[in-house]
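**Student:** structure for the following, please:
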Amino acid sequence: MSVNPSGLAIPLFLIFMLLEFFVLKWQGKSLHRYNDSVNSLSMGLLLLTSDALLKATTFGVFIFLYAEYRVMDFASSELITWVVFFFGVDFCYYWFHRCAHEYNILWGAHVGHHQSEEYNLTTALRQSAFQYGFSWVFYLPLAILGCPPEVFLGQFAILKLFQFWLHTQSINKVPLIEGIFSTPSSHRVHHAKNPVYIDRNYGGTLVLWDRVFGSWQPELADEKCHYGTTMPLDSLSPIKANLQHWSILVKDTLYTASFKDKISLWFKPTGWRPEDCLQYSSMQQVKHIDDLKPVLQHDGCVERKKYDPQTSKRMNAYAGFSLVSISLLAVMFLFNSPVLTSYELMAGVFSIVLGVTMLSRFLENKFKFWWVELIRWPIFIGLFLHLATAAYPNTIQQTITIDKPANVIFEYVTVPTLWHEWHPQSLSVTPELLTSFAEGQTFDEVIQTSLGKDDMSWDVEVNNPNLQWAARAYNHTKDVNIRLQYDLKEEGGKTVFTRTLNYEMPNFIFHVANFIYFKRHMTDKSLHSLESLKGFVEKNK
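**Tutor:** The predicted structure is shown next:
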């Protein structure tokens, strides 16, 4: 795929977050904290950035295993396939999620999602940037079982989208589905650090797995959830949030005298540390002396004062402006990530990572490296303008077999004056010549599009009789370039006819509109025209 549509989800998520904020205000609740929300959204941007760089490679492994080692065949067009792998994807998610809570090494890739001491829709986007680097392995058995890649992608998208609405306190228990499907109530339990709630309700879409494997816990009326992790982050830095647990593991690995502990501590229960590390002068690693006690994450903890540094209104406004700007860049960067050059990828990662890091420092009143913004903003603005105004290439290629010799078809389709007979969008061509247009010849065309009439100027580039014909056009109305190519291959009196249309979208807005609507519309029209061509030629030529 030449685009990554996940980037388009960012504006939709932001709209729902604002809606939740106003609903809670209407309910008389204040469950958002500005700095916490900015921190959660910053971490979400880092997650999407890392996913854009990782998913193409990891999904390639899934496709390889499916193609070479699957033991069963399922058709993606059959309902049973979608039903089976709805449960399959959810089952694999349950076990990744549970393991991520129970083992040190995986907790380091998941802890960021739980560090927020608030619980609202911004928490849904608060994810570790490294989580997908581990989680994808848990889904590989589905490829071997025969899950078609397109079904996996669809079910995985459903799983992730379903979980978004779970991160809210504006919805109480949902009748009929509690204890079957994940709900905001059951997921509040999962995020709570109360000892009775800690490490429960791992299910993604379903909580049936929790019931089967003994990790189910309903929300109790007399036990209010309080959120965060057993070891507090006490920072707004998304970098520290992503590295907090792993940094402790690395330091313990280097310090402990036991070689066995150097290896095993990574696979011990979450929060376990070697005895000599607990005795070490670990005030360099933790801020509270109580954290030196060997208390595991799954023990939970009582409520405590939240980390809530205060800064000026002016700095809050600057952080908000920065976050909105970075989010807009992230939309364009993520959407185009599959086709960006290595330099564009580096510039995008630099702008997003450094941007959210600096705004988190400013919200904590840390201004020592303020001058870094003087370097970041020019790179940011340059990349922003480049992605917003670049011309984006697209291709539509379709093939049809026509029961006529190649020379008959070639002599017909290379006469643009006759295009209107089989391509209804072609309204008129000048000059009106009834011969094949040769290399170097030019002509003008008026076409009908979904947005009105467009004026085109064509220049024939290739005229290889009975094999290939190509022409390049400039659309004066849309200010875009187009290249049309016909390829013909005769096989036993019939002809395999291929039509390839390469066209550009003049800026990012049109690029998105093309992905959402125009390309699908043009593809349907093109296929219809090829079928008309086949019918006309076979009947009249």
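**Student:** what about the helices in the stretch 201-350 of the chain?
**Tutor:** Using DSSP state H, counting those that start in this stretch, the helices of the stretch 201-350 of the chain run over residues 208-213, 238-255, 259-264, 275-279, 313-336, 342-363.
**Student:** how far off centre is the lowest-mean-pLDDT helix or strand in the chain?
**Tutor:** The weakest-scoring helix or strand in the chain, judged by mean pLDDT, DSSP states H and E, is helix 275-279 (a mean of 80). Chain-centre distance of helix 275-279: 41 Å, with C-alpha atoms, centre = their mean, to the nearest Å.
**Student:** could you dump the helices of the stretch 201-350 of the chain to CSV with mean neighbour count and distance to Trp422?
**Tutor:** For the C-beta atoms, the positions are set from N, CA and C on the backbone; glycine is no exception. Formatted as CSV, the helices of the stretch 201-350 of the chain follow (neighbours: other C-beta atoms under 10 Å; distance: least, C-beta to C-beta, whole Å):
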stretch, mean neighbour count, distance to Trp422
helix 208-213, 16, 55
helix 238-255, 19, 56
helix 259-264, 13, 70
helix 275-279, 14, 77
helix 313-336, 18, 35
helix 342-363, 19, 41
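**Student:** which one of those lies nearest to Asn475?
**Tutor:** helix 313-336 (21.8 Å; C-beta to C-beta).
**Student:** give me the mean pLDDT for the closest one.
**Tutor:** For helix 313-336, the mean pLDDT works out to 94.
**Student:** what's next to it, contact-wise?
**Tutor:** If you take C-beta atoms under 8 Å, 6 or more residues apart in numbering as the criterion, helix 313-336 is touched by 3-8, 10-11, 14, 34, 38, 41-42, 45, 48-49, 52, 340, 348, 351-352, 355-356, 358-359, 362-363, 365, 380, 383-384, 387-388, 392, 508, 511-512, 515.
**Student:** switch to 6 Å and redo it
**Tutor:** 3-4, 7, 10, 38, 45, 48, 52, 348, 352, 355, 359, 362-363, 384, 387, 508 (C-beta atoms under 6 Å, 6 or more residues apart in numbering).
**Student:** try stretch 362-379
**Tutor:** Under the criterion C-beta under 6 Å, 6+ apart, residues Asn35, Leu236, Pro309, Thr311, Met315, Ala319, Ala347, Ser351, Leu354, Met358 lie in contact with stretch 362-379.
**Student:** and which of those residues is nearest to Ser457?
**Tutor:** Using C-beta to C-beta, the contacts of stretch 362-379 come closest to Ser457 at Ala347, 35.4 Å.
**Student:** how about the residue nearest to that closest one when sequence neighbours are not counted, secondary structure?
**Tutor:** Ranked by C-beta to C-beta, 6 or more residues apart in numbering and with sequence neighbours excluded, the top spatial neighbour of Ala347 is Leu383, at 4.8 Å. Classification of Leu383 by DSSP: H, G, I helix; E, B strand; the rest coil places it in helix.
**Student:** can you tell me how far Leu383 sits from Thr183?
**Tutor:** Counting by C-beta to C-beta, to the nearest Å, the separation of Leu383 from Thr183 is 41 Å.
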